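Novice: coords please:
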Amino acid sequence: MIAFSPRQKGFVHETGCFNNVHILNETIKAGKTKDGLFAIQLDMAKAFDPVPHKAIEAALERLGLRKDVRESIMNSYTNLSPTIECGGSKSEVC
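Specialist: Numbering: from 1, shown residues only. Next up, the predicted model:
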């Protein structure tokens, strides 16, 4: 049996996802009655880091995906740098 972190809210038998969606909905409603709203969601636990990239690549190959498609997917995991865009200007998140 897989042991999940107590912070895990997706893919578990509890109302964690419902609670998070409810909080987001209430925040958006409150933002509409004020001067606006900025919302940022960060995955601090880095949910997919524990999955070795070689395992992802092997699974894609077992599924029969063409090599160029697999390479494209695997390349999407390299050299990532998140950015925030606001008012036409972009800033890299460190």
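
Novice: extract the C-alpha set from stretch 80-87 and format it as PDB.
Specialist: Output in PDB follows, covering the C-alpha atoms of stretch 80-87 (Å, rounded to 0.1, in the frame of the first residue of the first chain):
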ATOM      1  CA  LEU A  80      12.000  24.500 -16.800                       C
ATOM      2  CA  SER A  81      11.700  28.000 -15.300                       C
ATOM      3  CA  PRO A  82       8.400  29.300 -14.100                       C
ATOM      4  CA  THR A  83       7.400  32.900 -14.900                       C
ATOM      5  CA  ILE A  84       4.700  35.200 -13.800                       C
ATOM      6  CA  GLU A  85       3.100  37.500 -16.300                       C
ATOM      7  CA  CYS A  86       1.200  40.600 -15.200                       C
ATOM      8  CA  GLY A  87       0.300  43.700 -17.200                       C
END
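
Novice: and Glu61, how many neighbours?
Specialist: Around Glu61 there are 12 other residues, counting by other C-beta atoms under 10 Å. The C-beta positions use only the backbone N, C-alpha and C, and glycine is treated the same way.

Novice: touching, it and Arg70? I think so.
Specialist: Yes. Taking contacts as C-beta atoms under 8 Å, Glu61 lies within contact range of Arg70: 6.3 Å.

Novice: compute the first-to-last residue distance for stretch 38-54.
Specialist: 37 Å (C-alpha to C-alpha, to the nearest Å).

Novice: brain fart, stretch 55-73
Specialist: End-to-end for stretch 55-73, by C-alpha to C-alpha: 13 Å.

Novice: Ala30: what secondary structure?
Specialist: Per DSSP: H, G, I helix; E, B strand; the rest coil, the secondary structure class of Ala30 is helix.

Novice: what sits against the nearest residue to it once chain neighbours are set aside?
Specialist: With sequence-adjacent residues excluded and distances taken as C-beta to C-beta, 6 or more residues apart in numbering, Ala30 is closest to Leu37, at 7.5 Å. Neighbour list for Leu37: 27-28, 30-31 [criterion: C-beta atoms under 8 Å, 6 or more residues apart in numbering].
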